[in-house]
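**Q** sequence below, structure please.
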Amino acid sequence: MGVNIKELEDTARNCRKNIVQMIHKAGAGHPGGSLSAIDLIVGLYGTEFRFDVKNPNWSDRDRFIMSKGHASPAVYSMLFELGLLDQNDIDTFRQLGSTCQGHVDMKWTDGVDFSAGSLGMGLSFGIGCALAARMDKSSRKIWVMIGDGETQEGQIWEAAMAADHHKIGNLNIIIDRNRIQNDDFMDVQMEIGDIGEKFSSFGWAVKEINGHDMHEVVSALNWASNNNTEPCAIIAHTVKGKGISFMENNPSFHGKAPDDNELAIAMEELS
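**A** Got it, this is the predicted structure:
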């Protein structure tokens, strides 16, 4: 059966609504990077990602590592669509004791494979998971999502070098290239340059896409999933705050909740 692009796009739209609502209700959170990443996450879970909703801790499942863990609403909205989280879980986002913590945390949430915090660690963790799969003679694949601001971390490039050295063909990275980080646009803070060329020079296979074109997303994910000889990097060019006019390309919504009026506008636009 072929991939239904429209269903994936509809799911992404529903996820966007839940992202904005849970951040508004919490009065805190990171909408910009959640909205830029959600098409990629929906595309992954809807096509190439091997998992079992009824058994989220299945040992041979693929692993998804959300290294830019502050974009947790994107992950939670996807897990909600899959039925792994319920309405109360996402309604209590960022509350003390909630299943949905501010950063993704594998101790709190079924379906989360990595406890995030400081940026830069996820790719190294992914290498460990990929090598463990190799030792287990397992076919599971490891998918890591990082932000482009995160590529300013030196640990990312140490990990990239190690992945090539060990020829880790079951490791795939998705880079959310939205060009904005915590404080401002990347070219103001510290521009990283051509990320694709950098990963290519480290021995990775690289594909660049429009991260909001679901056809391109699905095609790239399939390409990475079927390349088992070298680590793969998908450079997804995205728009921070995608889908909500006043959040798009607006650094102030990296980590700010919408107020009541902004929520109403956002929900109208997403309808």
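**Q** element containing residue 200?
**A** Assigned by DSSP states H and E, residue 200 belongs to helix 195-201.
**Q** tell me how far that helix lies from the chain's centre.
**A** 20 Å (Cα atoms, centre = their mean, to the nearest Å).
**Q** quick one: buried residues of whatever helix or strand comes next after it?
**A** Next helix or strand after helix 195-201 toward the C-terminus (DSSP H and E): strand 205-210. Within strand 205-210, the residues that count as buried by 16 or more other Cβ atoms under 10 Å are 205, 206, 207, 208, 209. The C-beta positions use only the backbone N, C-alpha and C, and glycine is treated the same way.
**Q** quick one: contacts for the last one?
**A** The neighbourhood of residue 209, defined by Cβ atoms under 8 Å, 6 or more residues apart in numbering, consists of 216, 217, 219, 220, 234, 235, 236, 237.
**Q** separation between the first one and residue 20?
**A** Distance, residue 216 to residue 20, by Cβ to Cβ, to the nearest Å: 24 Å.
**Q** so which of the two has more stuff around it?
**A** Legend: neighbour count by other Cβ atoms under 10 Å for residue 216 and residue 20, higher for residue 20 (29 against 19).
**Q** now the residue lying closest to the more buried one once chain neighbours are set aside: which helix or strand?
**A** Nearest non-adjacent residue to residue 20, counting by Cβ to Cβ, 6 or more residues apart in numbering: residue 266, 4.9 Å away. Using DSSP H and E, residue 266 falls within helix 260-270.
**Q** now that helix: mean pLDDT?
**A** For helix 260-270, mean pLDDT is 98.
**Q** and if you look at stretch 85-96?
**A** 97.
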